[in-house]
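Peer 1: next come a sequence and a model predicted from it.
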Amino acid sequence: MKKDAVAYLNTRKKGDFAAQQSEVENYCKYRFRIVEIFRDHRANATPPEKRKGFAAMLEYCTVNNCSEIIIYDLADLAKDMDSGLAALKTLNDRCTVYCVNNDFFGHRDDPELRREAVGNFIAYMDRYRESTRKAAPPASKKTKRGDGRPIGRPRALNEGQVEALLTIRQAGTSISQICRMFDISRSTVSKILADYPELKGEWKGARQEPAE
């Protein structure tokens with residue numbers, strides 16, 4: 001028997017809604033019955049809790065006792081990683097969250113274990129978020145200008161964030177998704193993965209060798 005569920009889409013381009021709605025419906029075909037679809041458009045810079053569609057979805061779930069939420073993609077939940085994780089925690093505290101794309105949590109048929117897996121992921125990421133807040137190591141005298149500013153470009157990610165990046169890459173998250181989650185370029189990810197060839201994957205635009 002299918003479970004009732006709501007879907008939340010955070011779209012960015014004009015044709016995203018129709019395309020994502022189709023993928024959501026295909027994902028839910030044998031498992032869920034979508035009763036409502038909530039949507040925010042071009043709201044990536046706004047924290048999820050301040051979006052009309054996101055707030056309406058939470059209210060609907062509370063009033064109607066709906067415990068299953070389908071999102072299109074975890075990395076599309078918010079542009080900022082802290083906001084995205086906070087929103088995921090809010091959803092996981094109330095409901096069971098499923099992702100149409102790049103779902104690395106598992107336990108799709110066991111809501112209790114799935115929520116535990118999502119909670120463990122959030123707790124793991126929180127460790128590194130907390131360590132980054134405590135302060136980055138001060139720049140040495142050799143790396144400062146006369147006015148006190150550091151010489152050169154600052155590092156895109158600190159050690160804790162790099163560890164978090166490697167973890168979610170090992171879990172199967174795509175490089176494009178990682179770029180959006182950490183707000184970094186693809187070349188930065190490639191540099192970080194240079195020492196981990198098993199995690200680099202193949203470029204979609206890899207050049208084909210000419211046929212003999």
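Peer 2: The structure has been received and is ready for your questions. In this text, all values refer to a predicted model and were calculated from it rather than measured experimentally.

Peer 1: OK, contacts around I175?
Peer 2: With contacts defined as C-beta atoms under 8 Å, 6 or more residues apart in numbering, I175 is in contact with 169, 186, 189-190, 201. All C-beta spots, glycine's among them, are computed from the backbone N, C-alpha and C.

Peer 1: how close does L157 sit to G53?
Peer 2: 31 Å (C-beta to C-beta, to the nearest Å).

Peer 1: SS state for the spatially most central residue of the chain?
Peer 2: Closest to where the C-alpha atoms of the chain average out (C-alpha atoms, centre = their mean) is A75, at 2.6 Å. When classified by DSSP: H, G, I helix; E, B strand; the rest coil, A75 comes out as helix.

Peer 1: may I have the helix or strand L199 falls within exported as PDB, CA atoms only?
Peer 2: Using DSSP states H and E, L199 falls within helix 197-200. Extracted C-alpha coordinates of helix 197-200, given in PDB (Å, rounded to 0.1, in the frame of the first residue of the first chain):
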ATOM      1  CA  PRO A 197      42.200   8.800  -7.500                       C
ATOM      2  CA  GLU A 198      39.400   6.300  -6.500                       C
ATOM      3  CA  LEU A 199      37.100   9.200  -5.700                       C
ATOM      4  CA  LYS A 200      37.800  11.300  -8.700                       C
END
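
Peer 1: show me which pair in the contacts of I175 is furthest apart.
Peer 2: Greatest spacing in the contacts of I175, by C-beta to C-beta: R169 and R186 (12.8 Å).

Peer 1: so where's the protein uncertain?
Peer 2: For the chain, the stretches with pLDDT under 70 are 131-155, 201-212.

Peer 1: show me where it has helices.
Peer 2: Here the chain has its helices, by DSSP state H, at 16-28, 52-64, 81-94, 111-133, 159-170, 175-182, 186-192, 197-200.

Peer 1: now for those, which one comes closest to F104?
Peer 2: Minimum separation from F104 across the helices of the chain (C-beta to C-beta) falls at helix 159-170, 7.3 Å.

Peer 1: what's the angle from that closest one to helix 81-94?
Peer 2: 60 degrees (axes from the mean of the first three to the mean of the last three C-alpha atoms, to 10 degrees).

Peer 1: list of residues touching helix 159-170?
Peer 2: In contact with helix 159-170 (C-beta under 8 Å, 6+ apart) are residues 104, 124-125, 127-129, 131-132, 157, 175, 178, 181-182, 189, 192-193, 196, 199.

Peer 1: how does it look with 7 Å?
Peer 2: Helix 159-170 has contacts (C-beta atoms under 7 Å, 6 or more residues apart in numbering) with 124-125, 128, 131-132, 157, 178, 182, 192, 196, 199.

Peer 1: same thing with stretch 102-111?
Peer 2: 73-74, 96, 98, 113-114, 117-118, 121, 171-174, 177.
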